[in-house]
Every structure is written in C-alpha cells, then in structure tokens.
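*Asks:* Coordinates for the following, if possible.
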Amino acid sequence: MTYYGAKELASSFRTVRNNTIKIAEEIPENKYGFRPAEGCRSVAETLVHIAETNAPPAKAQILELLRTEGERYAKALEGVSETFLGEQVAYPEGMEPPMKSRFEMLIAAKEHEMHHRGQLMLVQRLLGIKPHLTRQMEERIATMQAGR
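*Replies:* Modelled structure (predicted):
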C-alpha cells in the first residue's frame, strides 16, 4: 500500500462527503420530499441513507449528521495501519469474490456515496439547480478560454 494508504483514503472520503454536503445545502428544504420517480428514495431519504441513520430529520439535522458521521468515519480511516488495509477477509460461502482486502471493503463506502451523489446531482437538475461541480468546471473552462 505504498501509493494509497489510510491518510489518502480518509482525504478522498472527506472530498466525497464535502461534495455531498454541498449538494445537500443547495437543495431547498421544501424539495427534500422530492422523489424523481415512484419507488425512488426522496432527497431526504437518500441523504439520510448516506449519513447511515434511520429517521429522516429536517434539513439542518441531515446536514449535521453528514458532517459529524462523515468526519467520524474519516478519522477512523486515518487510524488504520497498512497491514490492516492489506488483510484479506473471507466472505461467506457463495459470495463473489470469495475474498477482499479490508482496503476494498473500506473504499466501498466512498464508492457507494458517490453513486448516491450522482443520483442527487440528477435530482438537482430536475429541480432546476445546476450542480456545484458543473459550475466549478464551467468556471475553469471560462478562465482557460479567457487566458487564450
């Protein structure tokens, strides 16, 4: 694990969580009940799922959960050793793959959040909100074009 250890894992998780929080801040509270289609989670339910809690509280409570639980997880990631990250864990019989490293298991939380963040960015578009990552990219492009 020379190139991507515990500190890098924690840092990348913090980046993902901060982008999720930005989206949660930008969606108006009166749209937290919005469901993009029947059978889909609402905005609030998706954010609560990401925060790994059960009760869908108000927007301010969801934002606080995203911040505190995200930082708690990132601090736990920072504290693990490279030996721990490299350990292989056997899955129950019949699961594929039959083994994974702890690193793969821990990075899956970040990947799972990115999956749901993509859903939330689509919801932002449906609500007429341009996602912050799109705005940032457009600003970089405009700056580069202005410099030519």
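*Asks:* in the chain, which residue is closest to the centre?
*Replies:* The residue lying closest to the centre of the chain (C-alpha atoms, centre = their mean) is residue 113, at 3.2 Å.
*Asks:* Hmm, residue 18 and that residue touching each other?
*Replies:* No. Using C-beta atoms under 8 Å, residue 113 is not in contact with residue 18, being 11.1 Å away. No exception for glycine: its C-beta is placed from N, CA and C like everyone else's.
*Asks:* so who does the residue nearest to the centre of the chain touch?
*Replies:* Residues near residue 113 by C-beta atoms under 8 Å, 6 or more residues apart in numbering: 16, 17, 20, 50.
*Asks:* how close does it sit to residue 138?
*Replies:* Residue 113 sits at a distance of 24 Å from residue 138 (criterion: C-beta to C-beta, to the nearest Å).
*Asks:* Read off the pLDDT value for the residue located most distally from the centre of the chain.
*Replies:* Centroid-distance maximum for the chain: residue 148 at 35.5 Å, with C-alpha atoms, centre = their mean. Residue-level confidence at residue 148 comes out at 86, pLDDT.
*Asks:* that older thread, what's the closest of the contacts of residue 113 to residue 108?
*Replies:* Using C-beta to C-beta, residue 16 comes nearest to residue 108 of the contacts of residue 113, at 12.1 Å.
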